[in-house]
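J.: pasting the structure only:
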């Protein structure tokens, strides 16, 4: 009696495979002869991923077989996956300047996302289609996982900072509240005009930080600079925006020095809200 876990032979009449698929299965078995997956099941898996040109590229047949075996929880495949791709995952995280603690969380997150199924869902590695190298696909998953963790950390930090600022700020002075109500449209127009005059990088930084809520650490990683440089760019972009907005207010209103000073305070106080609305 044959072992149901042993590889089926491509020459078996029951497979009735077309030549291209038969060659694909043979190449996959040659890459991983020891995995012992059900070849009939893998053949159906390959057919599901066939495109107009036929089966996926033969060069990645071994990658697709390994991914298929990992998705089905074959211990030998999961062990091979760790050995082959852990160095790639570490390199990706190092290039993104992730600190040790965040890198560890990201590595664990990658393995959980790719190799562990949830409820009725198969592990994410089952979505690999064999169109390119599995190593590149895993590297992309590592980058995405790290970005998700960085965004979550940035949101937590921003919420804490916003809460602390709100506690310190207290209610707005009644006189300032009156000026804000009176000049609401002019303030909004000044911010819009100032924003249109910013350079592409400054506008993008403000959009990513305020609109997309990306932390300074993530921005530094995206621009391949250190954190201090990204923070300096962001501060400079905000200062440019405030300076141009103040100039626009001065040119359009011709208000008294006292009112202009108050409007400058209001510009700073509502800049975050206004930019978040305009940049999202």
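T.: Yes, it's here. Small disclaimer: the values here were computed from a predicted structure and weren't measured.

J.: confidence score at residue 129?
T.: Here the pLDDT value assigned to residue 129 is 93.

J.: cool, and residue 35?
T.: pLDDT, read off for residue 35, is 87.

J.: And it, how far from residue 75?
T.: 10 Å (CB to CB, to the nearest Å). Bear in mind the C-beta positions are built from the backbone N, C-alpha and C, glycine included.

J.: and what of residue 236?
T.: 54 Å.

J.: Compare neighbour counts for those two and give me the winner.
T.: residue 236 (13 against 10; other CB atoms under 10 Å).

J.: if you skip the residues just before and after it, what's nearest to that one?
T.: Counting by CB to CB, 6 or more residues apart in numbering, residue 236 lies nearest to residue 202, which is 7.4 Å off, once chain neighbours are set aside.

J.: tell me the contacts of residue 209?
T.: 215, 216, 219, 234 (CB atoms under 8 Å, 6 or more residues apart in numbering).

J.: And the closest residue to residue 208 other than its chain neighbours, what's its pLDDT?
T.: Counting by CB to CB, 6+ apart, the nearest residue to residue 208 once its immediate chain neighbours are dropped is residue 214, at 4.6 Å. If you check residue 214, the pLDDT there is 74.

J.: my guess is residue 214 is in a strand, correct?
T.: No - applying DSSP: H, G, I helix; E, B strand; the rest coil, one finds residue 214 to be coil, outside a strand.

J.: I'd say it and residue 152 touch.
T.: No - using CB atoms under 8 Å, residue 214 makes no contact with residue 152, being 11.3 Å away.

J.: got a list of what residue 123 touches?
T.: Residue 123 touches 70, 71, 113, 114, 115, 116, 117, counting by CB under 8 Å, 6+ apart.

J.: From residue 251, how far off is it?
T.: 60 Å.

J.: Likewise for residue 152?
T.: On the measure of CB to CB, residue 152 and residue 251 end up 42 Å apart.

J.: next one: residue 59
T.: Where residue 251 is concerned, residue 59 sits at a distance of 63 Å (CB to CB).

J.: go on, residue 54?
T.: The spacing between residue 54 and residue 251, counted by CB to CB, is 66 Å.

J.: what does residue 129 give?
T.: Distance from residue 129 to residue 251, by CB to CB: 57 Å.

J.: quick one: which of the two has more around it?
T.: Higher neighbour count among residue 129 and residue 251: residue 129, with 17 against 10, using other CB under 10 Å.

J.: what's the closest non-adjacent residue to that one?
T.: Nearest to residue 129 is residue 49, by CB to CB, 6+ apart, at 4.6 Å.

J.: List the contacts of the one you found.
T.: Counting by CB under 8 Å, 6+ apart, residue 49 has contacts 55, 56, 64, 129, 130, 131.

J.: Quick check on it: phi, psi?
T.: Torsion angles at residue 49 (phi, psi; degrees, to the nearest 10) stand at phi -100, psi 10.

J.: Residue ranges of each domain in this structure, please.
T.: 19-146, 171-279 (automatic domain parsing).

J.: Lowest mean pLDDT across the ones you listed, which one is that?
T.: domain 171-279 (a mean of 69).

J.: residue ranges of the helices in the stretch 101-250 of the chain, please?
T.: 134-169, 174-182, 184-197, 200-206, 216-223, 227-253 (DSSP state H, counting those that start in this stretch).
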